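> Quick one, structure for this:
(2 chains)
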There are 2 protein chains.
Amino acid sequence: MYIGIDLGGTNIAVGMVDDNGKILAQESLPTLSGRSYKEIVKDMAALCEKVAQQSGHSMKDVDAIGIGSPGAIDSKNGVVVFAGNLKFEKAPIAGEMKKYFNIPVHLENDANAAAYGEYAVCGHDAESFVFITLGTGVGGGIIIDGQIYRGFNGAGAEIGHMTLKMDGHPCTCGRKGCFEVYASVTALIEQTSQAMKEDPETMMNDWVRENGHVSGRTAFECAVKGDAAAAMVRDEYIRYIAEGVISIINIFQPDMLVIGGGISKEGDVILKPLKDYVSKGDFNKFMEKTNIQTAKLFNDAGIIGAALAAKNNI
Amino acid sequence: MYIGIDLGGTNIAVGMVDDNGKILAQESLPTLSGRSYKEIVKDMAALCEKVAQQSGHSMKDVDAIGIGSPGAIDSKNGVVVFAGNLKFEKAPIAGEMKKYFNIPVHLENDANAAAYGEYAVCGHDAESFVFITLGTGVGGGIIIDGQIYRGFNGAGAEIGHMTLKMDGHPCTCGRKGCFEVYASVTALIEQTSQAMKEDPETMMNDWVRENGHVSGRTAFECAVKGDAAAAMVRDEYIRYIAEGVISIINIFQPDMLVIGGGISKEGDVILKPLKDYVSKGDFNKFMEKTNIQTAKLFNDAGIIGAALAAKNNI
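Numbering: from 1, shown residues only, chains lettered A, B, ... in the order given. From the prediction side, this is the model:
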């Protein structure tokens, strides 16, 4: 039995997870970012006790705790080196957690944890596995031979910050033209807003009046209803994703590549055109092709992945 | 003792290589591409005998033979699945070679072999190692935990075909904006020719009159002499390389990244501005940085890498 913790800027989500990656009980608390790491770990520990009990067990049944955290992570030493949205600098999270429970505690970057969750539950036969998650930014995770690939310094798999359009739109990282600037949901919302400005007649304007604000769903939903401007936004957005996916495939030729984040719930609406575009552009013309899928675990990937990464790390 | 074979579209180069990657004897023959794989392997076998003798040994002293070949390679089965410039389709090179010498024969993609050579000789402490070779095209090789990373189908590490400028200049692969279209020597020559057209006063025109044709050296040599147009070509070319290198670092955070190909002979002229540009753009702001170097083995990387990959594969 394992506990997985998804530590985010807004919430701390904690789950009791069995050996197969099933969540048996789950609880959360607001992170109240700005607090010291000691206060936050105290809440995490209380949530651990709670989910263990709720699942009909106790902390004695827990073999290891896994924590997924945003930011620059030193997994080896269990330290959050820097995390802007948590206001952490050199926070020894794993060591602090071990003061509460004397069992192995494994700290992982949150995108790596989510990737490992998808891998362990849905892609466990894959020799090489890449996860790309499209959210506020674009995150990534790489699993090779069953192990999370972190790079020598632990800062690898920042797939959102490979170049897609050199000298293109500015990115929050300080560069221009990163994949994230075109393929994140933030980017989709901007692309949608831009199209609405350019075409006052588009159905997307009505959608926004009904729903209050532009979202990642605006263009997708209006496109289905036959709106041409919305279809253009959707198709161009998928083309951006596809170009990044082709880069990743040409580099890794992974067994399996999984697209996660809210947008992946669109399923075949996004997957079919994405696969078509990728299969035309992929450099590999002679060998078997990468299996491209949408994520299966959605919001649970962080908890499940952190728990199973801890299991794998024991 | 090992034999390394660098099978190219123009020449077959064969070398006797010791355990440390030193070439003891080396011979070559023209490939005469268009011949059957059996005829080509016959020449390769004759060259093996020759270099073994020249080094004061015989084939009995050879533990394994490594072959690096361009194209889509099935290393597991020793088959060149497709190689346009050799006009090979499903050529069972390794099996054919074993008819001459009953020792292990390992077939590898040529860029992977060169990468492994640079890794084994110059980067053997690196946990993760990426090699980018700038030539007619842009090739790549990835070594993780001492093993060549090929992807599940053997077609991985095509770093030249990650996107650098989506919707940019057309690439030979059928897509647009690949890294190769901006960072290959072919691209540099085009960029140089373009600058010469735009500025008839540039010293590069004199250089070409003296040397007969535009080459990858034109802009670099004229820039050193103070020609502004040449310096612009050189600096922009380095910026293209740097943008690709940043993408690779953000994805892999390798211990070591090595730039190969003829242009790498420029040494610090290319390395210093490249490192400066990369260190400003790299997403990693908190962890140790990748060690970026130029290649050390140059033309011998193929032979040495093929030999040592065979050694590693026994």
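> switch to C-alpha atoms for all contacts and neighbour counts from now on
Noted.
> any idea how far the helix or strand harbouring A:Glu210 is from the chain center?
Under the criterion of DSSP states H and E, A:Glu210 resides in helix A:203-211. Computed by CA atoms, centre = their mean, to the nearest Å, the chain-centroid distance of helix A:203-211 equals 28 Å.
> elements contacting that helix?
If you count contacts as 3 or more CA pairs under 8 Å, 6 or more residues apart in numbering or on different chains; DSSP states H and E, helix A:203-211 packs onto helix A:218-224.
> who does the helix it packs on touch, helix- and strand-wise?
On a contact count with 3+ CA pairs under 8 Å, 6+ apart, helix A:218-224 meets helix A:203-211, helix A:228-252.
> winner for burial among these?
Highest mean neighbour count among these (mean count of other CA atoms under 10 Å in any protein chain shown): helix A:228-252, with a mean of 23.
> which is the next helix or strand following that one?
Past helix A:228-252, further along toward the C-terminus, the next helix or strand under DSSP H and E is strand A:256-260.
> near chain B at all, whichever helix or strand comes after that next one?
Of the helices and strands lying after strand A:256-260 in sequence (DSSP H and E), the nearest is helix A:268-281. Yes - using CA under 8 Å from any CA of the partner chain, helix A:268-281 reaches chain B at A:Gly281.
> now helix A:268-281 against helix A:228-252, angle please.
With axes from the mean of the first three to the mean of the last three CA atoms, to 10 degrees defining the directions, helix A:268-281 sits at 50 degrees from helix A:228-252.
> Give me the contact list for helix A:268-281.
Helix A:268-281 is contacted from outside by A:238-239, A:241-243, A:245-246, A:264, A:292-294, B:174-175, using CA atoms under 8 Å, 6 or more residues apart in numbering or on different chains.
> Identify the residues contacting the nearest residue to A:Asp61 once chain neighbours are set aside.
Nearest residue to A:Asp61 in three dimensions, chain neighbours excluded: A:Met1, at 6.2 Å (CA to CA, 6 or more residues apart in numbering or on different chains). Shown in contact with A:Met1 (CA under 8 Å, 6+ apart): A:16-19, A:61-64.
> Alongside chain B, which residues does the stretch 151-300 of chain A contribute?
Near chain B, when you scan the stretch 151-300 of chain A using CA under 8 Å from any CA, you find A:151-159, A:161-166, A:173-175, A:243-244, A:246-255, A:281, A:283-284, A:286-289.
> Is it possible to mark the buried ones in the residues you listed?
Among those, those scoring as buried are A:151-159, A:161-166, A:175, A:243-244, A:246-255, A:281, A:283-284, A:287, A:289 (criterion: 16 or more other CA atoms under 10 Å in any protein chain shown).
> Look up how far A:Ala230 lies from the residue of chain A positioned farthest from its centre.
Here chain A reaches farthest from its C-alpha mean at A:Glu201, the gap being 35.1 Å by CA atoms, centre = their mean. The spacing between A:Glu201 and A:Ala230, counted by CA to CA, to the nearest Å, is 11 Å.
> Ok, A:Lys50 next?
Relative to A:Ala230, and taking CA to CA, A:Lys50 is found at 46 Å.
> Up against chain B, what does the stretch 1-150 of chain A have?
Applying CA under 8 Å from any CA, one finds that the stretch 1-150 of chain A approaches chain B through A:72, A:81-82, A:127-128, A:150.
> farthest-separated two in those residues?
Within the residues of the stretch 1-150 of chain A next to chain B, A:Phe82 and A:Glu127 form the most distant pair, 31.1 Å apart (CA to CA).
> So which of those two has more stuff around it?
Ranked by neighbour count (other CA atoms under 10 Å in any protein chain shown), A:Phe82 and A:Glu127 place A:Phe82 first, with 20 against 16.
> From the chain's centroid, how far away is the host helix or strand of that one?
If you go by DSSP H and E, A:Phe82 is part of strand A:79-83. Mean C-alpha position of strand A:79-83 versus that of the full chain (CA atoms, centre = their mean) differs by 18 Å.
> who does it pair up with?
Using DSSP bridges, the strands paired with strand A:79-83 in its sheet are strand A:72-74 (antiparallel), strand A:88-91 (antiparallel).
> Check which helices and strands the helix or strand just after the longest one sits against.
Read that as strand A:88-91. The helix or strand immediately downstream of strand A:88-91 is helix A:93-98, counting by DSSP H and E. In terms of contacts (3+ CA pairs under 8 Å, 6+ apart), helix A:93-98 is packed against helix A:37-54, strand A:79-83, strand A:105-109.
> on that earlier part again, compare the helices and strands packed on helix A:218-224 and give me the one nearest A:Gly260.
Closest approach to A:Gly260 among the helices and strands packed on helix A:218-224 is made by helix A:228-252 (11.6 Å; CA to CA).
> what mean pLDDT does the closest one have?
Mean per-residue pLDDT for helix A:228-252: 98.
> Which secondary structure elements does it sit against?
Packed next to helix A:228-252, using 3+ CA pairs under 8 Å, 6+ apart, are helix A:179-183, helix A:185-198, helix A:218-224, helix A:268-281.
> Could you export the third one as CSV, CA atoms only?
In this case it means helix A:218-224. Presented in CSV, the C-alpha positions along helix A:218-224 are these (Å, rounded to 0.1, in the frame of the first residue of the first chain):
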residue,chain,number,x,y,z
THR,A,218,-14.9,27.4,-26.6
ALA,A,219,-13.4,26.6,-30.0
PHE,A,220,-13.9,22.9,-29.7
GLU,A,221,-17.6,23.1,-28.8
CYS,A,222,-18.4,25.7,-31.4
ALA,A,223,-16.5,23.9,-34.1
VAL,A,224,-18.7,20.8,-33.5
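> who touches it?
Under CA under 8 Å, 6+ apart, the answer for helix A:218-224 is A:192, A:203-204, A:207-208, A:229-231, A:233-234.
> quick one: low-confidence parts of the stretch 1-150 of chain A?
Under the criterion pLDDT under 70, no range of the stretch 1-150 of chain A is flagged.
> if you set the cut-off to 80 instead, what comes out?
A:124 (pLDDT under 80).
> Put together a markdown table for the residues of the stretch 1-150 of chain A next to chain B, with distance to A:Val138 on each row.
Output for these, formatted as a markdown table (distance: CA to CA, whole Å):
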| residue | distance to A:Val138 |
| --- | --- |
| A:Ala72 | 15 |
| A:Val81 | 20 |
| A:Phe82 | 18 |
| A:Glu127 | 23 |
| A:Ser128 | 20 |
| A:Arg150 | 16 |
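> A:Val258 is in contact with A:Ile292, correct?
Yes - at 5.8 Å, A:Ile292 counts as touching A:Val258 under the criterion of CA atoms under 8 Å.
> Those two: which has the busier surroundings?
Using other CA under 10 Å as the criterion, A:Ile292 and A:Val258 rank with A:Val258 on top: 24 against 21.
> dump the residue contacts of the more buried one.
By CA under 8 Å, 6+ apart, the residues touching A:Val258 are A:118, A:129-132, A:292-295.
> want to throw those into JSON lines with distance to B:Lys272?
Output for the contacts of A:Val258, formatted as JSON lines (distance: CA to CA, whole Å):
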{"residue": "A:Glu118", "distance to B:Lys272": "41"}
{"residue": "A:Phe129", "distance to B:Lys272": "35"}
{"residue": "A:Val130", "distance to B:Lys272": "33"}
{"residue": "A:Phe131", "distance to B:Lys272": "34"}
{"residue": "A:Ile132", "distance to B:Lys272": "33"}
{"residue": "A:Ile292", "distance to B:Lys272": "39"}
{"residue": "A:Gln293", "distance to B:Lys272": "42"}
{"residue": "A:Thr294", "distance to B:Lys272": "42"}
{"residue": "A:Ala295", "distance to B:Lys272": "42"}
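> which ones among those residues are found in strands?
Using DSSP state E, the members of the contacts of A:Val258 that fall in strands are A:129-132, A:292-294.
> which one of those has the most neighbours?
In those, the most neighbours by other CA under 10 Å go to A:Val130, 33 neighbours.
> who's in contact with that residue?
A:Val130 makes contact with A:115, A:140-143, A:254, A:256-258, according to CA under 8 Å, 6+ apart.
> let's go with 10 Å and repeat that
Residues in contact with A:Val130, defined by CA atoms under 10 Å, 6 or more residues apart in numbering or on different chains, are A:112, A:115-116, A:118-119, A:123, A:140-144, A:148-149, A:157, A:159, A:245, A:248-249, A:252-259, A:292.
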